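A.B. asks: Fold the stuff below for me.
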Amino acid sequence: MTTQRYSVTPHPIDTLLTWVKSGEIAIPEIQRPFVWEATKVRNLLDSLYQGYPVGYLIAWRNPTIKLKDGSPSAGKRILIDGQQRVTALMAALLGREVLTKDYETVRIRIAFHPIDERFEVYNSAIAKDGSWIGDVSAVFSPDADLIELTEQYCDRNPSAVRRDIGKVLQKVGKIVNNHVGLIELAEDLDIETVTEIFIRVNSAGTELSQADFAMSKIAVNEEYGGNRLRKAIDYFCHLAVAPEYYSRIQKSDPEFAKTEFWAKMRWLKDVNDDLYDPNYTDMLRVAFTTEFSRGKLQDLVALLSGRNFETREYEEAIAEASFEKLERGVYAFINKTHFDRLTMILRSAGFVTSALIRSRNAVNFAYILYLRCRAQGISANQTERLIRRWYVMSVLSRRYSSSPETYFDFDIRQIESQGIMPYADSVIENELPDSFWTGMLPQVMDTSSSQSPYFIAYQAAQTCLGDRGFLSSNITVRDLLLNRGDKHHVFPRKYLQRKGVHRGQYNQIANFVIAQSEINIAIGDKAPETYFAELMEQTNGGQQRYGGIKDESSLRENLLENCVPDSMLERDQPTYTEFLAERRRLMALKIKNWFHSL
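C.D. replies: Numbering: from 1, shown residues only. Predicted coordinates for the structure are as follows:
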């Protein structure tokens, strides 16, 4: 017989709110900022008033851990699903302020019309209309007197029937007596089971990520500074995207502004670089994997709970040490020198804009490698070369595009046992053998996705090697990517459409070159044989139609830089299919030469 691993108990909303206020059920302090629109809060109150179900809440009690004196200590319940609903109720019914996604502290005021029995978001029109109770939280105030509220309302609205208004306000007040189902998960459940339960119960079927669990676990721990650590992660990620919020956060959270964390991230207020804007999952992955030599965030949740993987028991000493290590990892992550060096290395490989950073997890593991190299005293030159090569290998092999935690865990464990350099060299050699450049790469470049890692790598290669834009005499691909350049079809799109070529073919990445807008516009939809013939005329003193190239040798050099077969200059041009095949081969060789130069 299978043992039930959870309990489902209906509780009055009033009881649940009391538990939240007392800390019996923990909602992470910073939590993901309150993201509901005010209208959604209004709809929630209306559903409760009408007696409609509002879904289940899911809580998971922290595992019981052994204290230093050997006695057991049951942890708090962590509310892992229903945080937005409970926050909405506390905001609307109890008048609590909430923190928005813009890090603004606001009051959500829901008005109520007793005659129409209707809820609405408070606005200026309602403020002027005496038939509304401007803030429904007045009904739930500890000092609320429903008789007095009824009399005040009827004084403002002489046509209102006192008895009817009194009954309606009593009905509103009884909202907190409505029951909500609380699914309480057994404390000995592992993280995978908890996730599976969440997926099955949640009506939207949205997966609760391991990072969400970890962030909740961090935030509710005040004893080892988890609540402060959670703020550090959230604030850093927010400032990386919007540095203008620095003063606002500092003003709204003066206590955190006194911490060392705030001092360490102050540099973000003057930075507008978006090459790598990490989110909290990225920060957790990097900090955790770097410090713990593990890659699965479910292990982080277990360790922060005090899990001893050998005895399978929970010990306070392990929880304390785990919070210290994670804090050390976060400090390393937000360090300006470390962050700047990582982005500098990526740029030195040709990844100069965020548009070329398509694999966030590849960047994350590159950061892990950088921090490990630095900790082990590996020279700057060796570190930079390693990061460039490993990152490009990760992009080309799509190493972290699926099951990233599995690869993170495998790679960091192998690095621990074999050493950084020996392991990295062996992986790169295995993933990118000589046959890859001439066999596999040209084949996988048969794609129309301009976001494919191969076209991204090709653009980075051109940037790093200093190639000029297509038919440009001086403007480089780097210039065009950093400012404004076009993806030009060598065989123009409309020209191919007229010939019946479908989108998947005319948008092949092997048909794309990076070009100045004016050159792209000048070529328009001309047939390749037409504009390449005009280019040859241009190099022999003819009209300057496309760019500033004036001699044939410079033209051929430019085509070589852009991997365009010089057979396009011949009277008998290759067919479109022949052109694509040859250009894929040339692009693959350029990527190979670039990689070996890193």
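A.B. asks: and the top helix by length along the chain, which residues are buried?
C.D. replies: Identified as the longest helix of the chain according to DSSP state H is helix 576-597. By neighbour count with 16 or more other CB atoms under 10 Å, helix 576-597 contains the buried residues 576, 579-580, 582-588, 590-592, 594-595. Using the backbone N, CA and C atoms, a C-beta is placed for each residue, glycine as well.
A.B. asks: contact partners of that helix?
C.D. replies: 350, 389, 392, 396, 432, 437-438, 441-442, 445-446, 454, 457-458, 460-462, 464-465, 490-491, 496, 501, 505, 508, 510-511, 563-565, 567-568, 573-574 (CB atoms under 8 Å, 6 or more residues apart in numbering).
A.B. asks: just the buried members of those residues?
C.D. replies: The buried subset of the contacts of helix 576-597 - by 16+ other CB under 10 Å - is 350, 389, 392, 396, 432, 437, 441-442, 445, 454, 457-458, 460-462, 464-465, 490-491, 496, 501, 508, 510-511, 563-565, 568, 573-574.
A.B. asks: Any stretches of the stretch 301-450 of the chain with poor pLDDT?
C.D. replies: Applying pLDDT under 70 to the stretch 301-450 of the chain flags no residue at all.
A.B. asks: what's the closest of the buried residues of helix 576-597 to Arg372?
C.D. replies: When the buried residues of helix 576-597 are ranked by distance to Arg372 (CB to CB), Phe595 comes first, at 22.2 Å.
A.B. asks: just to revisit the earlier point, using PDB, write out the CA atom coordinates for the longest helix of the chain.
C.D. replies: The C-alpha atoms that make up helix 576-597 are tabulated as PDB, following Å, rounded to 0.1, in the frame of the first residue of the first chain:
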ATOM      1  CA  TYR A 576      21.800  29.100 -56.200                       C
ATOM      2  CA  THR A 577      22.100  25.500 -54.900                       C
ATOM      3  CA  GLU A 578      25.800  25.400 -55.900                       C
ATOM      4  CA  PHE A 579      26.400  28.800 -54.300                       C
ATOM      5  CA  LEU A 580      24.900  27.700 -51.000                       C
ATOM      6  CA  ALA A 581      27.000  24.500 -50.800                       C
ATOM      7  CA  GLU A 582      30.300  26.300 -51.600                       C
ATOM      8  CA  ARG A 583      29.500  29.200 -49.200                       C
ATOM      9  CA  ARG A 584      28.800  26.800 -46.400                       C
ATOM     10  CA  ARG A 585      32.200  25.200 -46.900                       C
ATOM     11  CA  LEU A 586      33.900  28.600 -46.900                       C
ATOM     12  CA  MET A 587      32.000  29.800 -43.800                       C
ATOM     13  CA  ALA A 588      32.900  26.600 -42.000                       C
ATOM     14  CA  LEU A 589      36.600  27.100 -42.800                       C
ATOM     15  CA  LYS A 590      36.500  30.700 -41.500                       C
ATOM     16  CA  ILE A 591      34.900  29.500 -38.300                       C
ATOM     17  CA  LYS A 592      37.600  26.900 -38.000                       C
ATOM     18  CA  ASN A 593      40.400  29.400 -38.600                       C
ATOM     19  CA  TRP A 594      38.900  31.800 -36.100                       C
ATOM     20  CA  PHE A 595      38.500  29.100 -33.400                       C
ATOM     21  CA  HIS A 596      42.200  28.100 -33.800                       C
ATOM     22  CA  SER A 597      43.200  31.700 -33.400                       C
END
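A.B. asks: Ramachandran coordinates for the residue lying closest to Glu534 once chain neighbours are set aside?
C.D. replies: Excluding its sequence neighbours, the residue lying closest to Glu534 (CB to CB, 6 or more residues apart in numbering) is Arg545, at 5.5 Å. Main-chain torsions, Arg545, degrees, to the nearest 10: phi -100, psi -40.
A.B. asks: From the structure, what's the count of residues near Arg545?
C.D. replies: 15 (other CB atoms under 10 Å).
A.B. asks: per-residue confidence at Gly205?
C.D. replies: The model reports Gly205 with a pLDDT of 44.
A.B. asks: quick one: which helix or strand includes Ile233?
C.D. replies: helix 226-241 (DSSP states H and E).
A.B. asks: what are the ranges of the helices in the stretch 451-598 of the chain?
C.D. replies: For the stretch 451-598 of the chain, the helices defined by DSSP state H, counting those that start in this stretch cover 453-465, 477-482, 493-498, 503-506, 517-523, 528-538, 552-561, 576-597.
A.B. asks: Worst mean pLDDT among those helices?
C.D. replies: helix 503-506 (a mean of 91).
A.B. asks: Can you show me the CA trace of it as PDB?
C.D. replies: This file holds the C-alpha atoms of helix 503-506, laid out as PDB (Å, rounded to 0.1, in the frame of the first residue of the first chain):
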ATOM      1  CA  ARG A 503      11.200  31.100 -47.600                       C
ATOM      2  CA  GLY A 504      13.200  28.200 -46.100                       C
ATOM      3  CA  GLN A 505      15.500  28.300 -49.000                       C
ATOM      4  CA  TYR A 506      15.900  32.000 -49.800                       C
END
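A.B. asks: quick one: buried residues of that helix?
C.D. replies: Tyr506.
A.B. asks: just stretch 395-408 next, same as before
C.D. replies: 395-397, 399-400, 404-405, 407-408.
A.B. asks: Quick check, Pro404 in contact with Asn361.
C.D. replies: Yes - Pro404 is in contact with Asn361 according to CB atoms under 8 Å; the separation is 4.3 Å.
A.B. asks: Next up, the contacts around Pro442.
C.D. replies: Per CB under 8 Å, 6+ apart, neighbours of Pro442: 581, 584-585, 587-588.
A.B. asks: Now tabulate these in a markdown table and tack on distance to Lys550.
C.D. replies: Below are these laid out as a markdown table (distance: CB to CB, whole Å):
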| residue | distance to Lys550 |
| --- | --- |
| Ala581 | 31 |
| Arg584 | 30 |
| Arg585 | 29 |
| Met587 | 27 |
| Ala588 | 31 |
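A.B. asks: of those residues, closest to Leu304?
C.D. replies: Ala588 (45.7 Å).
A.B. asks: Name the residues that touch stretch 173-181?
C.D. replies: By CB under 8 Å, 6+ apart, stretch 173-181 touches 8-14, 16-17, 45, 48-49, 51, 54-57, 93, 139-140, 144, 146.
A.B. asks: can you rerun that using 10 Å?
C.D. replies: 8-18, 45, 47-49, 51-58, 82, 85-86, 89, 92-94, 136, 139-140, 144, 146, 149, 201 (CB atoms under 10 Å, 6 or more residues apart in numbering).
A.B. asks: quick revisit: now that the residue nearest to Glu534 has come up, it's in contact with Ile519, right?
C.D. replies: Yes - applying CB atoms under 10 Å, one finds Arg545 in contact with Ile519, separated by 9.2 Å.
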